[in-house]
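# I'll drop the sequence and a predicted model, then ask my questions.
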Amino acid sequence: MADVEIKVRDNGPYRVSGPFKLIDATGGEFVLEGEVIALCRCGHSEHKPFCDGTHRKVEFKSEPRAAEQELD
């Protein structure tokens, strides 16, 4: 089985690839096609939790780097 990878895209969505399930707060599973999705990070998508490209229109800016983060 391949590993799941979540990549933070500069000024854009989370790109999730690999075999995974996406489950909502009530336990319902989203029907997904393929093994790659983009999840909204800006909060403005009309198709949450999925990215619809709105981050470009609202000029969302975020470029976190792993070396700069402290985990609590």
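Perfect, I can see it now. Numbers count the residues shown, from 1 in each chain.

# backbone dihedrals for Lys7, please?
phi -110, psi 130 (degrees, to the nearest 10).

# and Thr54, by the same measure?
Dihedral angles for Thr54 - degrees, to the nearest 10 - are phi -60, psi -20.

# next up, the contacts around it.
By Cβ atoms under 8 Å, 6 or more residues apart in numbering, the contact list for Thr54 reads 40, 42, 44-46. Quick note: C-beta positions are derived from backbone N, CA and C, even for glycine.

# next one: Val16
Listed by Cβ under 8 Å, 6+ apart, the contact set of Val16 reads 4-7, 22, 36-39.

# for Val4, see how far away it is.
7 Å (Cβ to Cβ, to the nearest Å).

# again with Gly18
Distance from Gly18 to Val4, by Cβ to Cβ: 4 Å.

# for the chain, what spans make up the strands?
Taking DSSP state E to define them, one finds strands in the chain at 5-8, 14-17, 36-39.

# looking at the contacts of Thr54, state which has the most neighbours.
Ranked by the number of neighbours (other Cβ atoms under 10 Å), the contacts of Thr54 place Cys40 first, at 21 neighbours.

# you'd agree that residue is up against Val58?
No - using Cβ atoms under 8 Å, Cys40 is not in contact with Val58, being 11.1 Å away.

# hey, where'd the helices end up in the protein?
54-57 (DSSP state H).

# so, low pLDDT: which residues of the protein?
Counting by pLDDT under 70, the low-confidence segments of the chain come to 1-2, 69-72.

# one more time with 90, if that's ok
1-2, 33-34, 67-72 (pLDDT under 90).

# no further questions, thank you.
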